[in-house]
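Asker: sharing a sequence plus its predicted fold:
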Amino acid sequence: MALDGETTIIIADDHPLFRGALRQAIMRAWPHAAIRETGDLDGLFAGLRQDDNVDLILLDLAMPGAQGFSGLIYLRAQHPAIPVAIVSASDDAANVRRALSFGAAGFIPKSLDSEKIAQAIAVILAGETWIEPDLTAHGEDDETAAIARRLATLTPQQVRVLMMLSEGLLNKQIAYELNVSEATVKAHVSAILQKLDVDSRTQAVITAAKVGAASDPASAA
């Protein structure tokens, strides 16, 4: 697939060396592609607020501001038209399944060489889903699939609130971060509890963690 200067790809990874390697792989295959880089989720979200005319986001699982798949969940809720491919060193089957369950357009292991990474990107930009043939991506168990469906009903702001609950923030802290009233935060929390079919904030965090956390998070880079 030939990319031109109108094609924009965002590399979201907190490791500068790997961002550089991805950039080189893309530029070697498509010299005229526009590439933007960011090292954390806040920078990614800020950039998308300014300009969301993006064709693909290459997202690392483990970045500042993200817990497991929370970044992917939020991106899919906030920017459903932009394909998001996970690029991670933690490429076990469970992570691949969960990435696809949460709407990822592909799962690209960091261990791939630059030629295969370029091939994967080409497939995704063509509108298809890509995973390494050696990786298994069978469906989740029934409980996990049900939780994923409930999470998918959350609005972008509710996803953001749930992420902040998972970080242990209080309502007043969330209100400050989102520049809304505490009453608005309380309304979001109530809606989250109802949609996830739980009775407390703690249960909501635990429920989300069942499917939102990457396997072996220490290596999910």
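Answerer: Sure thing, it's come through. Note that this is a predicted model, so its numbers are computed, not measured. Residues are numbered from 1 along each chain as shown.

Asker: rest of the way, CA atoms for contacts and neighbours
Answerer: Will do.

Asker: for the lowest-mean-pLDDT helix or strand in the chain, enumerate the helices and strands it packs against.
Answerer: In the chain, no helix or strand scores lower on mean pLDDT, DSSP states H and E than helix 142-151, which sits at a mean of 76. If you count contacts as 3 or more C-alpha pairs under 8 Å, 6 or more residues apart in numbering; DSSP states H and E, helix 142-151 packs onto helix 182-196, helix 201-212.

Asker: can you pull the buried residues of it?
Answerer: By neighbour count on 16 or more other C-alpha atoms under 10 Å, the buried set for helix 142-151 is 144-145, 147-148, 150-151.

Asker: with only the CA atoms kept, save it in CSV.
Answerer: What follows is helix 142-151, C-alpha atoms only, in CSV (Å, rounded to 0.1, in the frame of the first residue of the first chain):
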residue,chain,number,x,y,z
ASP,A,142,-18.0,-15.8,28.6
GLU,A,143,-17.4,-13.8,31.8
THR,A,144,-14.6,-11.7,30.3
ALA,A,145,-16.5,-11.2,27.1
ALA,A,146,-19.6,-10.0,29.0
ILE,A,147,-17.5,-7.5,31.0
ALA,A,148,-15.9,-6.2,27.8
ARG,A,149,-19.4,-5.6,26.3
ARG,A,150,-20.5,-3.7,29.4
LEU,A,151,-17.3,-1.6,29.3
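
Asker: returning to that earlier point: of all the helices and strands packed on helix 142-151, which lies closest to Pro31?
Answerer: Closest to Pro31 of those is helix 201-212 (C-alpha to C-alpha; 35.6 Å).

Asker: ok, and what's touching that closest one?
Answerer: Applying C-alpha atoms under 8 Å, 6 or more residues apart in numbering, the contact partners of helix 201-212 are 67-70, 98, 144, 147-148, 151, 162, 165-166, 189, 192-193, 196, 198.

Asker: and if you look at stretch 119-126?
Answerer: Under C-alpha under 8 Å, 6+ apart, the answer for stretch 119-126 is 1, 55-56, 83, 85, 105-106, 108, 129-131.

Asker: and the strands in the chain?
Answerer: 8-12, 34-38, 56-59, 84-88, 106-109, 130-131 (DSSP state E).

Asker: adding mean neighbour count, mean pLDDT and distance to Pro156, write those out as TSV.
Answerer: Below are the strands of the chain laid out as TSV (neighbours: other C-alpha atoms under 10 Å; pLDDT from 0 to 100; distance: least, C-alpha to C-alpha, whole Å):
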stretch	mean neighbour count	mean pLDDT	distance to Pro156
strand 8-12	22	95	19
strand 34-38	19	94	21
strand 56-59	24	96	17
strand 84-88	25	93	16
strand 106-109	24	93	21
strand 130-131	20	90	25
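
Asker: what distance do you get for Gln203 to Ala187?
Answerer: 17 Å (C-alpha to C-alpha, to the nearest Å).

Asker: any idea of the pLDDT on Gly5?
Answerer: The confidence metric pLDDT takes the value 58 at Gly5.

Asker: what residue lies at the spatial centre of this structure?
Answerer: Nearest residue to the geometric centre of the chain (C-alpha atoms, centre = their mean): Leu72, 1.7 Å.

Asker: against Ala191, how distant is the residue of the chain most remote from its centre?
Answerer: The C-alpha centroid of the chain is most remote from Ala183, which lies 28.2 Å away (C-alpha atoms, centre = their mean). For Ala183, the distance to Ala191 equals 12 Å [C-alpha to C-alpha].
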